[in-house]
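Chemist: Curious how this folds, go ahead:
(chains A, B, C and D)
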Number of protein chains: 2
Amino acid sequence: MAKQNTVFKDAFNRCLKLLEQGSTLPSEPELGASLGVSRTTVRAILTRLEEIGLLAWEKRQKIVLRKPASADYYPTEETDSLSEIIERSFMRRILAGGAAPGMQINELELAREIGTGTTSVREFLIRFSRFGLIEKRPNSHWILKGFTREFALELTEVREMFELRSAAAFLHLPDEHTAWGELDAIEAVHHDILADIENRYRDFSELDERFHLLVHKASRNRFIIDFYDVIAIVFHYHYQWNKTNARQRNARALEEHLAYIAALRSRDPVRVEEACRRHLKSARETLLQSIN
Amino acid sequence: MAKQNTVFKDAFNRCLKLLEQGSTLPSEPELGASLGVSRTTVRAILTRLEEIGLLAWEKRQKIVLRKPASADYYPTEETDSLSEIIERSFMRRILAGGAAPGMQINELELAREIGTGTTSVREFLIRFSRFGLIEKRPNSHWILKGFTREFALELTEVREMFELRSAAAFLHLPDEHTAWGELDAIEAVHHDILADIENRYRDFSELDERFHLLVHKASRNRFIIDFYDVIAIVFHYHYQWNKTNARQRNARALEEHLAYIAALRSRDPVRVEEACRRHLKSARETLLQSIN
DNA sequence: CGATTGTCTTTTATCGGCAATAGACAGTTC
DNA sequence: GAACTGTCTATTGCCGATAAAAGACAATCG
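Modeler: Take a look at the predicted model:
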């Protein structure tokens, strides 16, 4: 096999979702734009829809014959891109499995285990190396530096520098900037989750990422914004991994966010710095607890 | 061809250099350690030395028959690793050639131009993307974001945050830390160059990198230290490219470094911050001038 | 017996090739 | 005539294969 057709399968599934609501399809370019794929892929989707008897398609006429059934969808395992699969496998290995710092990483072995070629694994490792968890010895193996206490401290040190600066920059955004609207939306979700915290505390992870990314974007600095990827991936897998006291921790973080948001809205630099520091401090403590 | 044997050729050349001085060769593992290659490569070198009649080699007996001649060396073009070649070609293209921001980067075209396979180019681009000068559209091309004024400002903003913090950390290094000795050595080279500035001002670039890296290392933070790669590559190519007033600029920077070094040695945080800020400010201005 | 060498296996770096996907252009439709 | 479709080409993403390089282990030497 050369390339997996995951783009097609994923777009096909999303197209079925669209059909569950509206029962009509727009033109090829329009559909491509709304699914985020090229016309080539759109045409592959339409062809497939015709094959499974969901659509009568001739030129501009697209007649939806029936509602999609769950059997029409491709299984979700087939819609993940190879790099997502590799990332997940790798993170599970190094976070869950006994991954001692200093361990060697073997490209070929990883590839065989995941069931993929070495090229993809190599490319993944190169991309992943910017997260500071692995390091390459040229012409030789990779070394796992490990998710250690030092790592967490170094990460949070930079995070705190960047976020304080970004939060300060946030205050200078003009009133009409879209970030204020997004901030309102984010705040509303906070209230929603807090109102039903018992059932919805797991939604915090995603919201957390959305909120902090918004703050970082105010820096208008690509290096600061890019660095947020490192934070996001670490916290993302951290949340999946460490579930002790999750409800309580998340509730506390939500409250801290609300104070932080209120401070941003007040445009008072002193209040913002204080609220930001308080939240970052407890985020750091949470992360450190999961390591020891 | 699968792999270029540049490791062998480069190590072979360095081995010849060793033979120009001492006329005796140590054991295979020892030679491997001093050249930084495996025994396999050492044995390939010894075999080659025998072939060209430079060495009589049997087991532990290695008799050097004659001094190396310049014809024995492999040409320098053949000793650069593929990734170095790709980096140079690419940087020349985007710095020298009219490289408009927003331009598309084509892997295949780049590979053909450099005379290499696409895999190596891809891997280079992935590694290079962390410098913030290019960006990938998945399943599609790379986009050149360009060496613009914004880029320089974003880069120097982060640099200033990181270096101020590193310089502050430097003050807390214990007296017996090796960094102080290295600082002395670096200072001495500064005086050497200043004493013969007319002829040696070009040596500044390398010294600059050595000095700032030393400072950054005091942060003991992998993200701060890794970020110095970005700064180093930008300034490295910047120096090669923009030669206007190079002598004068470098002389000024050398003086600023000396003040900065003296401040570090005084362990006075206020003085350090002042000297560091002054130098970073003029470094930023130099960089910005080359862009407009 | 510790270090060195001979031999062999494993792993990395790189290439060419192919299917998936993007994208260009001309002809067609409303 | 603007947007859409048919058709074709170009490019990316991925794989398997192969030479270079690393490295393991037993045999040998001093």
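Chemist: State the distance from residue A:6 to residue B:14.
Modeler: 47 Å (CB to CB, to the nearest Å). Where C-beta positions appear, they are placed from N, C-alpha and C, glycine not excepted.
Chemist: can you give me how far stretch A:225-237 is from the chain middle?
Modeler: Counting by CA atoms, centre = their mean, to the nearest Å, stretch A:225-237 is centred 9 Å from the centre of its parent chain.
Chemist: who touches the host helix or strand of residue A:273?
Modeler: Applying DSSP states H and E as the criterion places residue A:273 in helix A:269-289. With CB atoms under 8 Å, 6 or more residues apart in numbering or on different chains as the test, helix A:269-289 has contacts from A:149, A:152-153, A:156, A:159-160, A:163-164, A:167-168, A:170-171, A:234-235, A:238, A:249, A:252-253, A:256-257, A:259-260, A:262-264, A:266.
Chemist: Contact residues of the stretch 101-250 of chain A facing DNA strand C?
Modeler: By the rule CB under 7 Å from any atom of the strand, the part of the stretch 101-250 of chain A lying against DNA strand C is A:105-109, A:118-119, A:122, A:136, A:138-142.
Chemist: Bridge partners for the residue lying farthest from the centre of chain A, pull those for me.
Modeler: When each C-alpha in chain A is compared with the mean C-alpha position (CA atoms, centre = their mean), residue A:58 comes out farthest, at 38.7 Å. Per DSSP bridges, the residues bridged to residue A:58 are residue A:61.
Chemist: Show the residue spans covered by the helices in chain A.
Modeler: Using DSSP state H, the helices of chain A run over residues A:6-21, A:28-35, A:39-51, A:82-91, A:107-114, A:118-128, A:149-170, A:178-195, A:197-200, A:204-217, A:222-241, A:246-266, A:269-289.
Chemist: got a markdown table for these, with mean neighbour count, mean pLDDT and distance to residue B:48 too?
Modeler: Formatted as a markdown table, the entries for these read as follows, by neighbours: other CB atoms under 10 Å in any protein chain shown; pLDDT from 0 to 100; distance: least, CB to CB, whole Å:
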| stretch | mean neighbour count | mean pLDDT | distance to residue B:48 |
| --- | --- | --- | --- |
| helix A:6-21 | 17 | 96 | 48 |
| helix A:28-35 | 16 | 97 | 58 |
| helix A:39-51 | 17 | 97 | 52 |
| helix A:82-91 | 17 | 94 | 40 |
| helix A:107-114 | 15 | 95 | 29 |
| helix A:118-128 | 19 | 97 | 30 |
| helix A:149-170 | 20 | 97 | 44 |
| helix A:178-195 | 14 | 97 | 63 |
| helix A:197-200 | 12 | 92 | 69 |
| helix A:204-217 | 19 | 96 | 54 |
| helix A:222-241 | 18 | 91 | 45 |
| helix A:246-266 | 18 | 95 | 62 |
| helix A:269-289 | 17 | 95 | 53 |
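Chemist: Local confidence estimate at the closest residue to residue A:23 other than its chain neighbours?
Modeler: Closest residue to residue A:23 in three dimensions, ignoring its sequence neighbours and counting by CB to CB, 6 or more residues apart in numbering or on different chains: residue A:64, at 4.9 Å. Reading off the per-residue confidence, residue A:64 sits at a pLDDT of 94.
Chemist: My understanding was that residue A:64 contacts residue A:24; is that so?
Modeler: Yes - with contact defined as CB atoms under 8 Å, residue A:64 counts as touching residue A:24 (6.5 Å).
Chemist: what about those two, which has more around it?
Modeler: Looking at residue A:64 and residue A:24 with other CB atoms under 10 Å in any protein chain shown, you find the greater number of neighbours at residue A:64, namely 16 against 9.
Chemist: could you check the distance from residue A:246 over to residue A:133?
Modeler: Here the criterion is CB to CB. By it, residue A:246 lies 23 Å from residue A:133.
Chemist: ah, wrong one, I meant residue A:27
Modeler: Counting by CB to CB - residue A:27 and residue A:133 are separated by 46 Å.
Chemist: neighbour-wise, which of these two wins?
Modeler: When neighbours are counted by other CB under 10 Å, residue A:27 and residue A:133 differ, and residue A:133 comes out ahead with 24 against 12.
Chemist: Enumerate the residues of chain A near DNA strand D.
Modeler: Proximity of chain A to DNA strand D, by CB under 7 Å from any atom of the strand, involves residues A:1-4, A:26-30, A:39-40, A:43, A:58-60, A:81-83, A:116-120, A:123, A:137, A:139-141.
Chemist: biggest separation within the residues of the stretch 101-250 of chain A next to DNA strand C, which pair?
Modeler: Taking every pair in these and measuring CB to CB, the maximum separation is 19.1 Å, between A:109 and A:138.
Chemist: about what we covered before: possible to save the residues of the stretch 101-250 of chain A next to DNA strand C as a markdown table with distance to chain B?
Modeler: What follows is those, written out as a markdown table (distance: CB to the nearest CB, whole Å):
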| residue | distance to chain B |
| --- | --- |
| A:105 | 16 |
| A:106 | 17 |
| A:107 | 12 |
| A:108 | 15 |
| A:109 | 20 |
| A:118 | 10 |
| A:119 | 6 |
| A:122 | 7 |
| A:136 | 10 |
| A:138 | 8 |
| A:139 | 6 |
| A:140 | 9 |
| A:141 | 13 |
| A:142 | 14 |
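Chemist: got CSV for these, with distance to residue B:75 too?
Modeler: Shown next, in CSV, are those (distance: CB to CB, whole Å):
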residue, distance to residue B:75
A:105, 35
A:106, 35
A:107, 32
A:108, 33
A:109, 38
A:118, 31
A:119, 31
A:122, 29
A:136, 28
A:138, 22
A:139, 21
A:140, 26
A:141, 31
A:142, 32
